[in-house]
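Novice: Quick one: sequence and predicted model below, then my questions.
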Amino acid sequence: MLRNSVGRRPLGRIRTTSAAACAVLLAVTALAGCNREESKGASGSGGKVGIDLPRSDSDFWNSYQGYVEQGVKDGVVDALPLSNSQNDIGKLVANVQAFQEQGAKAIVMAPQDTGAVTEALNTLNEKKIPVISVDTRPDKGQVYMVVRADNRAYGEQACQFLGKQLKGKGKVAEFQGDLSSINGRDRSEAFKSCMDKNFPGIKVFELVTNWAGDVASAKLQSTLAANPDLNGIYMQAGGVFLQPTLALLEQKKLLKAPGTPGHITIISNDGIPQEFDAIRQGKIDATVSQPADLYAKYALQYAKDALAGKKQKVGPTDHDSNIIKIPNGLEDQLPAPLVTKDNVDDAKLWANQLDKKN
């Protein structure tokens, strides 16, 4: 997901509470649900949970942080003071080491470089400290659970939406995320595969951005200069790409209402309030809503389950998702709906619940 602070507009409705605030761990109870069962010999004992936030330069991750802090405040887990690795694998490894020294019995992280985290995961596995990975699936290294949405479905949905809106013809700029991250790879590969198969009449400009908004803006400017007839954009992360993209298009007088000549059809990923506002204003056409609230909710719940020694099972869950087997553990694939002008005001979408939450 997400990167550079250039063009970032802070999410004002999420108020960050003290990261050091800890809550008393509730007595661990067995959850009634079609996907959880207590393992034989589970001790049921709890323990401290270390939680590393991946970055603070994205509205999406700032929202996630707010939900995590609320869960800690509500006593879902007994958390150590939260850390933030700021999109730096070295800081993540150091933070994880600090959690171990402070007695963490489970760790929640969201590694942005899914290849470089392997050694840290191996160390945690040796020490029998379960890991819950949020939004990203580590390439290697054992995890108790990955909590994410189906990122290939993100690329597929973006492709189908753009292909149909453009009637199979035109030119599309794709802001690819960091290809060292499985999320960037999944979205990019699925988008390309879908376009090649279903919409061969659309030329795609693959712009590698490493999740950096300023890089995306600069590459879009160059692409527009060479291709003034560009009529589509796929932003793999609205949290960092939305504001610099809109600023550039406004500067060039290319922001035109849907249905009018010269309109550039734009679809994004994240589902933050700013994207919803942009949809309502006709500045972008759609986004895929990543469930920041559910990422936090189930990351904490799985940490609690891990401390209780519970085993998870492959298959449908009691929260409208599906757990699949992956080479290094399990993955709970949470739903991520497409949002357009037709459903942007749906009260069930997390971005529409922030005013009620605060």
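Specialist: Perfect, thanks for sending it. As the structure is a computational prediction, the values presented were derived from the model and not from experiment.
Novice: going forward, measure contacts between C-alpha atoms and count neighbours the same way
Specialist: Will do.
Novice: SS state for Ile267?
Specialist: strand (DSSP: H, G, I helix; E, B strand; the rest coil).
Novice: ok, now which ones touch it?
Specialist: When contacts are counted by CA atoms under 8 Å, 6 or more residues apart in numbering, Ile267 is found next to Ala158, Phe161, Leu162, Ile233, Tyr234, Met235, Ile284, Asp285, Ala286, Thr287, Val288.
Novice: next one: Ala158
Specialist: Contacts for Ala158 were tallied using CA under 8 Å, 6+ apart; they are Phe191, Tyr234, Ile267, Ser268.
Novice: If we use 10 Å, what do you get?
Specialist: 187, 190-191, 194-195, 233-236, 266-269, 286-288, 338 (CA atoms under 10 Å, 6 or more residues apart in numbering).
Novice: try Asn95
Specialist: So, once contact is read as CA under 10 Å, 6+ apart, Asn95 ends up touching Gly50, Ile51, Asp52, Leu82, Ser83, Asn84, Ser85, Ile89, Glu101.
Novice: helices or strands up against the helix or strand Glu69 falls within?
Specialist: Take DSSP states H and E as the rule and Glu69 turns out to sit in helix 59-73. With contacts defined as 3 or more CA pairs under 10 Å, 6 or more residues apart in numbering; DSSP states H and E, the secondary structure elements packing on helix 59-73 are strand 48-53, strand 78-79, helix 238-251, strand 265-270, helix 273-280, helix 292-307, helix 354-357.
Novice: now, the most widely separated pair of the contacts of Ile267?
Specialist: Farthest pair in the contacts of Ile267 (CA to CA) is Ile233 and Val288. Separation: 13.9 Å.
Novice: anything in contact with each of these two?
Specialist: Listed contacts common to Ile233 and Val288 are Ala158, Ile267, Ser268; contacts here mean CA under 10 Å, 6+ apart.
Novice: can you list these in JSON lines and add pLDDT?
Specialist: What follows is these, written out as JSON lines (pLDDT from 0 to 100):
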{"residue": "Ala158", "pLDDT": "97"}
{"residue": "Ile267", "pLDDT": "98"}
{"residue": "Ser268", "pLDDT": "97"}
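Novice: so can I have a markdown table of the residues you listed showing distance to Lys140?
Specialist: As requested, those are exported to a markdown table (distance: CA to CA, whole Å):
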| residue | distance to Lys140 |
| --- | --- |
| Ala158 | 28 |
| Ile267 | 31 |
| Ser268 | 29 |
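Novice: In three-state terms, how would the closest residue to Asn62 other than its chain neighbours be classified?
Specialist: If the residues on either side of it in the chain are set aside, Asn62 comes closest to Ser56, at 5.9 Å by CA to CA, 6 or more residues apart in numbering. The three-state label for Ser56, taken from three-state DSSP, comes out as coil.
Novice: Make 3 the starting number, not 1.
Specialist: With the count now opening at 3, the last piece we talked about shows up as Ser58.
Novice: Give me the neighbour count for Ser58.
Specialist: Here the count is done by other CA atoms under 10 Å, and Ser58 has 20 residues near it.
Novice: So, low pLDDT: which residues of this protein?
Specialist: The model of the chain has pLDDT under 70 over residues 3-47, 357-360.
Novice: what bridges to Asp80?
Specialist: Listed by DSSP bridges, the beta-bridge partners for Asp80 are Lys50.
Novice: wait, it sits on Glu71?
Specialist: No: under the contact definition of CA atoms under 10 Å, Asp80 does not touch Glu71, with a separation of 11.3 Å.
Novice: just to revisit the earlier point, any chance of a ChimeraX selection covering the buried ones in the contacts of Asn97?
Specialist: Taking 16 or more other CA atoms under 10 Å as the burial criterion, the selection of buried members of the contacts of Asn97 in ChimeraX is written as:
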select :52,53,54,84,85,86,87,91
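Novice: hey, where'd the strands end up in the stretch 153-302 of the chain?
Specialist: Per DSSP state E, counting those that start in this stretch, the stretch 153-302 of the chain carries strands over the ranges 172-178, 204-210, 234-237, 267-272, 288-291.
Novice: the inter-axis angle of the fourth one versus strand 172-178?
Specialist: Using axes from the mean of the first three to the mean of the last three CA atoms, to 10 degrees, the direction of strand 267-272 lies 20 degrees away from that of strand 172-178.
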